[in-house]
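> Fold the following.
(2 chains)
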Amino acid sequence: MTTEPESRKNRRAEERGSQTQDEQENTMTAEQPVGDAAELQTRANTIIKVADHETPLRLENITIRYGGERNGAERVSVVEDFGLELGAGEMHCVAGRSGSGKTSILTVSAGLTLPTAGRVFWEDAPLDTMDDDEVADRRRALIGYVDQGGALIEGMSALENVLLPAVPDGEVEQRTEMAKNLLELVGLGKRIKHRPEQLSGGERQRVAIARALILGTRVLVVDEPTASLDRTSANKIIGILKDTTKDGISVLVASHDHELIRVSDSMTELS
Amino acid sequence: MNAVERFIRSRVLLLTATVLIITMALSILVQTGSQAALVKTVDQNSRGLYDILVQAPGKSEDKLMQPDIVTGQGGISFDQLDKIRQMSGTAVAAPISLVSRVTQNLEAPQLRAEDYLGYNQGLVGLQQTSTPGATDGSKWPQPNSVLNDNPTRYRITASATSSDGKTERQLFSTVGEGTLGKAKIVQTTVAGGNSVQIEAPQGESGIKFPSPAGSSTHTLFNANISLPLAPEISESVVAIDPVAEHALLGSAGDFLNPLEKAPPVDGRNAGAIGRFFQEKLSSGMSQEDIQDGPDFLGVRLKYWAPMLMQYEASVRDKQLTPDSQAIPLIVRQGTSLSVKYSVKIEQLDDSGKVVKEIGTVSKDLGSSYVPFVSKSPFVLQWPGGTDHSDLLGATSSFAAGLYDPATWSTQFAAAPQYGSAGTEANGSEKKQANPGDWVTINGLPVRAMDGSTVDQAQRTPVQERSYRKDLARGDAKATPLPMVYGTFDPTQVQKAAGDINRLPLGGYDPVPFTLTKDAQGNGVTPTELKPGLSATGLVSQSAGAITDYYGLAAARGYTKDADVVDAIRVRAKAQGGWREAGGDIAKLADQIRALGLRATIVSGSAREDANIFVPGYSKDSSGADQALGTVQQSWVRQDAAAAVTSSLSGTNIMLLFLALLGATLLTAASTVSYIRKRRGDAGILRAMGWNQKQIRRWVLQEFAVGAAALAAVGLILSLISWNVATVVVSVLVLAIYAAAAWLAVHQLRHKHVVDQEAVDDSRLIAIDSPLTFANRQLKTHRFNTLSLAVAVGVFAAAVGALVSVLVDIPRAAGASALGGVAAASIVLPAIILALAGTAVGMFLTIVTGRFELTAKRDQIGVLNAMGWNPDMLKQVRFFEHALVGLYALPIGVLGAALLGIFLAPYAAVWAGLAGLLAVVVWVPVATRIIR
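Predicted coordinates:
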């Protein structure tokens, strides 16, 4: 794990000081990483770019509400005034009960949905000033999103799924070797030609992570990566995520997996 | 949760059942609705004024009958007419015959130069207070004239042209020169009062054209310049039975009322009638007599003056014999002949040089022309002049009309003779007109009004090609005296007769010809052809006059039992439309045939455009014959209504079939989607200990709910429509649904073997673009792709089939048969049918596509999260639909073409093109809808 710059640490400490008593109780810092992915360590550095921005993801006063007056229902407030600064190489876990807004924060962070209020910054650039094309281009360059359950495209092999993000830039051929390496890294070197329906849940999750990393992502946004996995598979995923942070990749993960919370640099528990 | 709740919550099954019910209801309602509309329309429009056309025995007509068949050939006797009238099924039997062709010279044209000399109060002859409509002298305008006080030299060029609608032909051009000046009133005192005379100015020579034209004369109002005679024109006269004809035409035949009051045969002696009117004139006539015409046996004869003039001319020429009879006529108003008379006026100096163009005035023979009584059809006004003659009041009844007795000829011009020339690409008949002899027109009368001989060299003869066979017929030639009882408006008669079954009113209701191609076969702007002056050309106009059979006898002479009736139009007593009355009409036709006559059932027939090539139409400068080109004329197709009914019934059945096919595909696609959703549930149930039989029952219960709903709706629709087709459709829809249930049960069986073979990607196209991505997706979901492609193909084929039917309706009905009145009504439901079919097809394909919508949305979400921009996502959707369209194209185009060949062979190409267009249009529409 890379070391957090001193200035940012101080700032985050100040921010914590400004939080409410409840928020302070819900936020804790992970102290000890899990080293359950030794087989990945030797080759990761060669294929993952090091992030070059101190705060690749920043959320300011995010409020997310659902529902509306149109159908007569009251608006449900899921997240109120949420803030986060994710430093390079930092792993932050958003924890909380089901329906507490974890996934909402992740989709907002990945620019897939817009918050009701508040702003999202990718490397200090506010998303609300960009059009859809610009968001898509920046997402490709910055954000790797891993859906809950690792949604893969049917009819395409694991390798083809990993290469999909390279299609818009026409870099499929150039990145094929890298994709194979990534699949090797996540332990699927012998399953690269298998289709999603032939893979287990953990394998799909790992393919999705490899896919999220193919373009040299700087922020990995991962939704419940271990939710439906056995402990062994879950630990493999956790190890992969933790290892990515060593190369400066920030990880924002939503989970209530205690192991995952434990290895994270910081966490927010949503009420 | 019970089966009903599961069915409702399983949106796929609910949606499928709903769409099937809608499809079933729509197809049945549209089918029954359009069928009802069709039957009503065809029924209403296929029974015209009469049901059976009776003609003389001869060769059987083709199914396609040529119009204009009143020929003068006769062939039916009055005895046979009486027998037909006595038949129990006959309501009206109206005979018709061609009496004669009548050639007449129009009254001498005049050019009137305003020469208004003014009102001199107190002078004898200028006070017109006793004339009806006369303007009080004190209110007359100031005297005025377009002529100078001093005579001025003018050149007047008179010319006439006629047109066949395509080219204009000059009939003559004649020049007259002389001087004209403003006249003056010379007053002299005579015993008992004053006398006035109108005198030309000193030195005026006047302008004179050769006889029979005449010279210029001054009147109180105008200097009248007599112009060269207008060309001869020929008219036909037909004979009818006024009472029967009136019964046939209904209120539109009211114009025949005076003819019904015409005197009996022993009261028609021409000499006696002529003398009666001479005496009337000499003994003085009342204002009412002058205004409306004198009373003659209960009918006021408005046109007595022209008759009197012709009587006097005939007596002078010794044409009338003691046996000559007057012929009561109802004459046509206006003419469709194109004859134009023009006069160019130039002012000259003493040396004969033109110093001023006064102008050119012209007039067409048009709606004001009335055969036999035409009064001044070509009175032209000097440029800038005004005719003040009306100040003198209504003196028109005294106008002479024709001064030259009409020449009655029994050299009949029969209907045009045609030969078959195959079939056009659109299915319409090709015919060829057979040219006959050349007919010389543009003659002058032998003698002028004053009896002097007319120099025939004034005019160059013009030849017209006759396409009608001359029939030398008639036992006696006579010079009957035309006695005009009234007029008729041919357009009103045509309106009353209707577009269908006008035959054989051709005598006074001819069917127009339209030039469509030139002699080389190149398309030209459609031009309606005009009749020729000789009345023997291809084109004819409405009869010039209608008389009764006594009139026919007077003109042609015949014995009592002569077979002079050309045709009889019989209306059957049977009530209702042609379908209901068909049996009785057929029975009546058989009874008529038993008399040895030809009886053609025209109920249920309709118009059809026949293309006729016209050779030998004119001569070029070297004297060689030149073809006119191809003309189109509306003929009559027998049994067209039955053909239309049968054609559209077939189309409706085809539409039902297509709807069912679409419903099958929809059900198949939805069933696959249902199976995917239920596979997980079945696994859970299996894990809970359910056996295969229990799972099967669980699935079938859900389908049973839908089946019950479909059966209920089918039963209700069947009871409402009371139609076998509805029952068949309902049963078939249920069968489709049952097959889907079987498929679902079969597919939800447990599979023990899981394929773990790696993908062999050596044959796969690498995914490096939205196109290759879309291609892989379609290949992965082959069944869905195939279902959708077939659905789109079927949709396109259906659109093509409908287009072909629409395009072909006129041909199916007999080219343009129901394309007139009836087709207008049939096209509307057909268009609604086509639009409904297209909408249902489009809906089915879109619904089929939407069954995978959730999966598609997830897929798009994944791509979006990976940074694929909106444009690329749109491309993915577009390429998916474009590729489906590509797979659907052969089905759509070939299907449409094949259906076109089956339904409407002549529109198969249109069907194929429509199929292609339907697929092309579907791609962007579906891309836009399925986001």
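
> just checking, B:Asp561 touches B:Gln80?
No - the pair B:Asp561 / B:Gln80 is not scored as a contact, 10.1 Å apart, by CB atoms under 8 Å. Just so you know, the C-beta spots here come from the backbone N, C-alpha and C atoms, and that holds for glycine as well.

> Give me the more crowded residue out of these two.
Neighbours were counted for B:Asp561 and for B:Gln80 using other CB atoms under 10 Å in any protein chain shown; B:Gln80 has more, 21 against 9.

> List phi and psi for that one.
In terms of degrees, to the nearest 10, the main-chain angles of B:Gln80 are phi -70, psi -40.

> Would you confirm that it contacts B:Arg598?
No - in this structure, B:Gln80 is not within contact of B:Arg598 by CB under 8 Å, at 11.6 Å.

> which non-adjacent residue is nearest the residue of the stretch 701-850 of chain B found nearest chain A?
Residue of the stretch 701-850 of chain B nearest chain A, by CB to the nearest CB: B:Thr780 (2.6 Å). In this structure, B:Thr780 finds its nearest non-sequential neighbour in A:Gly155, 2.6 Å apart by CB to CB, 6 or more residues apart in numbering or on different chains.

> Make sure I have this right: the one you found is in a helix.
No - under DSSP: H, G, I helix; E, B strand; the rest coil, A:Gly155 falls outside any helix and is assigned coil.

> which residues touch it?
A:195, B:776-777, B:779-781 (CB atoms under 8 Å, 6 or more residues apart in numbering or on different chains).

> tally of neighbours for residue 197?
Using chain A here. Using other CB under 10 Å as the criterion, A:Glu197 is surrounded by 11 other residues.

> Let me rephrase: I mean chain B.
12.

> Which positions in chain A make contact with chain B?
Within chain A, the residues that sit near chain B (CB under 8 Å from any CB of the partner chain) are A:110, A:112, A:132-133, A:136-137, A:139-141, A:143, A:145, A:147, A:151-157, A:160, A:163-165, A:167-168, A:170, A:172-173, A:191, A:193-195, A:198, A:211, A:215.

> secondary structure class for B:Ala740?
Put simply, B:Ala740 is helix when judged by three-state DSSP.

> Check A:Glu184 too.
Classification of A:Glu184 by three-state DSSP places it in helix.

> what does B:Ile198 give?
Recorded secondary structure, B:Ile198: strand (three-state DSSP).

> how near is it to B:Thr219?
Counting by CB to CB, to the nearest Å, the gap from B:Ile198 to B:Thr219 is 7 Å.

> Likewise for B:Gly895?
Distance of B:Gly895 to B:Thr219, computed by CB to CB: 81 Å.

> Helices along the stretch 51-200 of chain B, start to end?
According to DSSP state H, counting those that start in this stretch, the stretch 51-200 of chain B carries its helices in the segments B:78-86.

> before we move on, what about chain A?
Ranges of helices in chain A, per DSSP state H, are A:6-18, A:21-26, A:38-47, A:102-109, A:132-142, A:158-163, A:172-185, A:201-213, A:231-245, A:258-263.

> Pull out the buried residues from stretch B:913-921.
B:913-919 (16 or more other CB atoms under 10 Å in any protein chain shown).

> Can you dump the C-alpha atoms of that stretch in PDB for me?
Provided in PDB are the C-alpha atoms of stretch B:913-921 (Å, rounded to 0.1, in the frame of the first residue of the first chain):
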ATOM      1  CA  LEU B 913     -40.400  -2.600 -53.300                       C
ATOM      2  CA  ALA B 914     -42.900  -2.000 -50.500                       C
ATOM      3  CA  GLY B 915     -41.400  -4.900 -48.600                       C
ATOM      4  CA  LEU B 916     -38.000  -3.500 -49.000                       C
ATOM      5  CA  LEU B 917     -39.100  -0.100 -47.800                       C
ATOM      6  CA  ALA B 918     -40.900  -1.500 -44.800                       C
ATOM      7  CA  VAL B 919     -37.700  -3.200 -43.600                       C
ATOM      8  CA  VAL B 920     -35.700   0.000 -44.300                       C
ATOM      9  CA  VAL B 921     -38.200   2.100 -42.300                       C
END
